[in-house]
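J.: all I have is the shape, not the residue letters:
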């Protein structure tokens, strides 16, 4: 009798290990549902073949190192609506097949740049409704396959343009609900948004919170004239972009020294003669901070789409003019060659006619003389 009881317990042991008692599992779809169970930690004894794990609406406060090492094949991981304040840089280590990750509706203040480093397959990342001040610049290198990024309702005031440009496959992005500071350092985001939307990307509104005169204005609809104090000419702004990218490359190349916080990697504006631009990235009113953007008397707004259209039209017109000039040159050369040949033939014919005329005159003179002798 004892042997039978032991065998029965052993037969039930694998199934108990395959699905935690706090969750419901579907062996066919390999889905584990642990929503709203009042969990304070990640459940253990998960089946290693788990494809989807739903942990939203719980009380999880943090993610430790290799928190999901039992489920290396998971593709969807939902941790939204918890109380997560900290995430270990190695919390997601080993999840090379992860496609969708949601950390929305938590209390995150920052993300380590190493968190998503090993995950190259991630296509959907939702970080909305947190307390993030920004994203580390290096995180964009590991999100090359990302198609959706949710950053709505955080505390982001600025966004590094180089980070966004690294997301080459991004289809949609949410940015609303952040306290955007629409000053000189946000020109990069404005330019990126125009290019991104022109290429067919989807983005919601970016409403300015500061300065006061721009409050509640959509960044996409703010004319460039209000940023005229930041760039006196388009040449200066182009130089600013080059300077910014070069500075960031040098910063990444150093392995020692003081590294700037990722949120301070904003657009650097070069020194312009007669105007003192500082290098301070903060929002405070120190003497070395960037000046607020002020309207000028005679602004000349720039529209990226109009500029691109103008360049294309100009190129087409120049191409047509060049083809016409080429055709005219070919026609002129051909006409000149034909006329030269015609003149040579005409001169040759005239010489032949003159020679024949001389021969005929000699023959006429010789005939009377022969008659007289006869």
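T.: Cool, the structure landed. Owing to the predicted nature of the structure, the values given are computational and were not obtained by experimental measurement.
J.: where in the stretch 151-300 of the chain is pLDDT low?
T.: When residues are selected by pLDDT under 70, those of the stretch 151-300 of the chain lie in 225-300.
J.: could you rerun that using 90?
T.: 159-163, 182-191, 205, 210-300 (pLDDT under 90).
J.: tell me the phi and psi of the residue nearest to residue 214 when sequence neighbours are not counted?
T.: Excluding its sequence neighbours, the residue lying closest to residue 214 (CB to CB, 6 or more residues apart in numbering) is residue 208, at 4.2 Å. In short, each C-beta sits where N, CA and C put it, glycine included. Residue 208 adopts backbone torsions of phi -70, psi 140, taken as degrees, to the nearest 10.
J.: for residue 208, which residues are in contact?
T.: 180-182, 214-219, 222 (CB atoms under 8 Å, 6 or more residues apart in numbering).
J.: try it again with 7 Å
T.: 180, 182, 214-217, 219 (CB atoms under 7 Å, 6 or more residues apart in numbering).
J.: packing partners of the longest helix along the chain?
T.: Counting by DSSP state H, the longest helix found in the chain is helix 304-373. Under the contact criterion of 3 or more CB pairs under 7 Å, 6 or more residues apart in numbering; DSSP states H and E, helix 304-373 touches helix 187-198.
J.: so what's the gap between the helix it packs on and the chain middle?
T.: 9 Å (CA atoms, centre = their mean, to the nearest Å).
J.: so it versus helix 304-373, what angle?
T.: 70 degrees (axes from the mean of the first three to the mean of the last three CA atoms, to 10 degrees).
J.: buried ones in helix 187-198?
T.: By 16 or more other CB atoms under 10 Å, the buried positions in helix 187-198 come out as 187-194, 196.
J.: measure stretch 207-220 end to end?
T.: 9 Å (CA to CA, to the nearest Å).
J.: just stretch 150-169 next, same as before
T.: This stretch, stretch 150-169, spans 15 Å end to end (CA to CA).
J.: what comes up buried for it?
T.: Result for stretch 150-169 [16+ other CB under 10 Å]: buried residues 150-154, 156-164, 166-167.
J.: mind listing the strands for the chain?
T.: Secondary structure of the chain (DSSP state E): strands located at 24-26, 31-33, 52-54, 62-63, 76-78, 86-87, 100-102, 124-126, 148-150, 172-174, 180-181, 202-203, 208-210.
J.: can you tell me the closest non-neighbouring residue to the spatially most central residue of the chain?
T.: Centroid-nearest residue in the chain, with CA atoms, centre = their mean: residue 165, separated by 2.6 Å. Nearest non-adjacent residue to residue 165, counting by CB to CB, 6+ apart: residue 192, 6.6 Å away.
J.: picking up where we left off before, mean confidence for the longest helix of the chain?
T.: Helix 304-373 shows a mean pLDDT of 82.
J.: now do it: distance to the chain's middle.
T.: On CA atoms, centre = their mean, the centre of helix 304-373 falls 59 Å from that of its chain.
J.: what's the nearest residue to residue 140 if we skip its chain neighbours?
T.: Per CB to CB, 6+ apart, closest to residue 140 is residue 166, 3.3 Å.
J.: same question, residue 153
T.: In space, residue 153 is closest to residue 177, 3.6 Å off (CB to CB, 6+ apart).
J.: ok, that neighbour - how many residues close by?
T.: When neighbours are counted by other CB atoms under 10 Å, residue 177 registers 18.
J.: hang on, it packs against residue 151?
T.: No: the criterion here is CB atoms under 7 Å, and residue 177 misses it with residue 151 at 9.1 Å.
J.: residue 19: neighbour count?
T.: Every residue meeting other CB under 10 Å relative to residue 19 is counted, giving 19.
J.: oh, that last question was meant for residue 351, not what I typed.
T.: The local packing of residue 351 (other CB under 10 Å) involves 10 other residues.
J.: over to the one 3 residues further on?
T.: The number of residues packed near residue 354 is 10, by other CB under 10 Å.
J.: same check on the one 5 residues further on?
T.: Using other CB under 10 Å, residue 359 has 9 neighbouring residues.
J.: for residue 353, see how far away it is.
T.: 11 Å (CB to CB, to the nearest Å).
J.: again with residue 138
T.: Residue 138 is 90 Å from residue 353, by CB to CB.
J.: residue 164 now?
T.: From residue 164 to residue 353 the distance is 84 Å (CB to CB).
J.: could you do residue 152 as well?
T.: Taken as CB to CB, the span from residue 152 to residue 353 is 96 Å.
J.: and what of residue 360?
T.: Taking CB to CB, one finds residue 360 at 11 Å from residue 353.
J.: same question, residue 104
T.: 101 Å.
J.: more neighbours: which of the two?
T.: residue 104 (21 against 9).
J.: right, and the more buried one touches residue 129 too?
T.: Yes: between residue 104 and residue 129 there is a contact at 5.2 Å, judged by CB under 7 Å.
J.: for residue 131, see how far away the residue nearest to residue 214 is.
T.: 20 Å.
J.: what sits against residue 78?
T.: Counting by CB under 7 Å, 6+ apart, residue 78 has contacts 54-56, 102.
J.: rerun at 6 Å
T.: 54, 56, 102 (CB atoms under 6 Å, 6 or more residues apart in numbering).
J.: with respect to residue 38, which of these is nearest?
T.: residue 56 (12.4 Å; CB to CB).
J.: count of residues packed around the nearest residue to that closest one once chain neighbours are set aside?
T.: Excluding its sequence neighbours, the residue lying closest to residue 56 (CB to CB, 6+ apart) is residue 80, at 4.4 Å. Residues near residue 80, counting by other CB under 10 Å, number 20.
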